[in-house]
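**Q** Here is a sequence with its predicted model. Questions after.
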Amino acid sequence: AQSVTQPDIHITVSEGASLELRCNYSYGATPYLFWYVQSPGQGLQLLLKYFSGDTLVQGIKGFEAEFKRSQSSFNLRKPSVHWSDAAEYFCAVGEGEYGNKLVFGAGTILRVKS
Amino acid sequence: NAGVTQTPKFQVLKTGQSMTLQCAQDMNHEYMSWYRQDPGMGLRLIHYSVGAGITDQGEVPNGYNVSRSTTEDFPLRLLSAAPSQTSVYFCASSYGISGVNEQYFGPGTRLTVT
């Protein structure tokens, strides 16, 4: 079975600073990769996804992620964080024949300080 | 479109009681699934369905039943609630069964079993 590791449980950054959230996965072939964001008390919203092609993918809200096969990583980045970005972020990999069964990491809670 | 709706938002059960968590989507999505979210563990797949009349187990199916009699609805049944089922439950749907299709998540149901 696949697994997803998000090494950082909590991250605190200053507003306006850059952000990188780490994600490592275990999977033999090219995986379906996703980043979701969850605001307190809310459901999950898809930020971006990667299936194939260009390894740098752009998402919503100014986020991007880079797929690095050699490192089995799919790190999420944002050049300048806003206070509204404070939330929990989940990396996920799509498992199964169609890649539709999501395996999630444990999540990283982002705090933004002014 | 209302998207993915879940009822109830909150529920408290006593050990041994049964109940059904409701999930409905109005986007004519083929694929629907149930996840549970526990602190420090991300989301884990309980059951999923690739179309009306077709369901299958995910990572943590024990203690839960599902059925899919219509495209729109995908209820999750707890047969005999246990404290270990205290969790936040999310329903999700997507247009097709391929992982390339974005999954839309409902707002969640917070269940406490005493």
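**A** It's in. Numbers count the residues shown, from 1 in each chain, chains lettered A, B, ... in the order given.

**Q** Can you give me the distance of B:P8 to chain A?
**A** 15 Å (Cβ to the nearest Cβ, to the nearest Å). Any C-beta I mention is one placed from the backbone N, CA and C, and that applies to glycine too.

**Q** can you pull up the bridge partners for the nearest residue in space to that residue that is not next to it in sequence?
**A** Nearest non-adjacent residue to B:P8, counting by Cβ to Cβ, 6 or more residues apart in numbering or on different chains: B:T109, 6.1 Å away. B:T109 has these beta-bridge partners by DSSP bridges: B:Y89.

**Q** Now do the phi/psi pair for the most centrally placed residue in chain B.
**A** In chain B, the residue lying closest to the centroid (Cα atoms, centre = their mean) is B:W34, at 2.9 Å. Main-chain torsions, B:W34, degrees, to the nearest 10: phi -120, psi 130.

**Q** Name the nearest residue to it, sequence neighbours excluded.
**A** Per Cβ to Cβ, 6+ apart, closest to B:W34 is B:I46, 4.3 Å.

**Q** for the nearest residue to A:P31 once chain neighbours are set aside, what are its contacts?
**A** Nearest residue to A:P31 in three dimensions, chain neighbours excluded: A:V93, at 4.8 Å (Cβ to Cβ, 6+ apart). By Cβ atoms under 8 Å, 6 or more residues apart in numbering or on different chains, the contact list for A:V93 reads A:2, A:4, A:25, A:27, A:31-34, A:102-103.

**Q** 6 Å instead?
**A** Contacts for A:V93 (Cβ atoms under 6 Å, 6 or more residues apart in numbering or on different chains) come out as A:2, A:4, A:25, A:27, A:31, A:33, A:103.

**Q** Look up how far B:R77 lies from the residue nearest to the centre of chain B.
**A** 10 Å (Cβ to Cβ, to the nearest Å).
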